[in-house]
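A.B. asks: Fold the following and give me the result.
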Amino acid sequence: MINNLDNWTIQNENPEHWSFKNEVLTMQVQEGNIFGAGANDVKNIFIYPVDKPEYSAEVTINLDPNLSFEQAGLGIYWDNDNYIKISKEMFMGARSLVFVVEQNGQPDIKHRLLFGESTVSVKLERSDTKVRAYYRTQDNDTWQSIISTAALSGHEQGVMLYTFSGRIIVPNFAEFSEFELTDLN
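C.D. replies: Below you'll find the predicted structure:
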């Protein structure tokens, strides 16, 4: 659970666009995106450092994305050009779960699953060589596997919570709750 934000770093913080109350992190969906080489820096990327080689990170996300590519998600973050993420996103005109691997500034959309519900729990399991993505709905306790992919090389900065591709003049808000980080060793 996110009891406090003591161990988190906030990249490009804009404190007016987020709040933390009752173990829920609420973020205004930020403008910009880190998708692709040379993409803009985005405000309020929350990064939790991980020093374990094998772990699981999960979070519940509440967002109704309306604008193209508007999203909130969970990722493993090396830097803006190297990450693995699962997003609740407006993608190609439909609310979806989208799994992306970006390496050396080259993004690859590995999987898309149509998903219209407002709330979803997502999980990333990191081993030495693989990252596996899962989701579950609010009315189902069973994790559903989405995809498995090779882990990126090097040591990641940590696990990230983020919002991308919003518009300040049309604000939308995402809620992150029930964050858990589990050592798999």
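
A.B. asks: Next up, the contacts around the residue lying closest to Met27 once chain neighbours are set aside.
C.D. replies: Nearest non-adjacent residue to Met27, counting by C-beta to C-beta, 6 or more residues apart in numbering: Trp18, 4.6 Å away. Just so you know, the C-beta spots here come from the backbone N, C-alpha and C atoms, and that holds for glycine as well. Contacts for Trp18 (C-beta atoms under 8 Å, 6 or more residues apart in numbering) come out as Ile10, Leu25, Thr26, Met27, Gln28, Asn44.

A.B. asks: gap between the third one and Phe173?
C.D. replies: Looking back up the chat, that one is Thr26. Going from Thr26 to Phe173 by C-beta to C-beta, to the nearest Å gives 6 Å.

A.B. asks: quick one: low-confidence ranges for this structure?
C.D. replies: 1, 37-40 (pLDDT under 70).

A.B. asks: can you pull out the strands in it?
C.D. replies: 9-11, 18-21, 24-28, 45-48, 55-62, 71-79, 82-91, 94-103, 106-114, 119-126, 130-136, 144-150, 158-164, 173-183 (DSSP state E).

A.B. asks: CSV please, covering these and showing distance to Gly36.
C.D. replies: Formatted as CSV, the strands of the chain follow (distance: least, C-beta to C-beta, whole Å):
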stretch, distance to Gly36
strand 9-11, 18
strand 18-21, 25
strand 24-28, 22
strand 45-48, 16
strand 55-62, 23
strand 71-79, 13
strand 82-91, 12
strand 94-103, 7
strand 106-114, 5
strand 119-126, 21
strand 130-136, 20
strand 144-150, 18
strand 158-164, 12
strand 173-183, 22
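
A.B. asks: Tell me the bridge partners for the nearest residue to Pro65 once chain neighbours are set aside.
C.D. replies: Nearest residue to Pro65 in three dimensions, chain neighbours excluded: Met90, at 3.8 Å (C-beta to C-beta, 6+ apart). Judged by DSSP bridges, the bridge partners of Met90 are Arg95.
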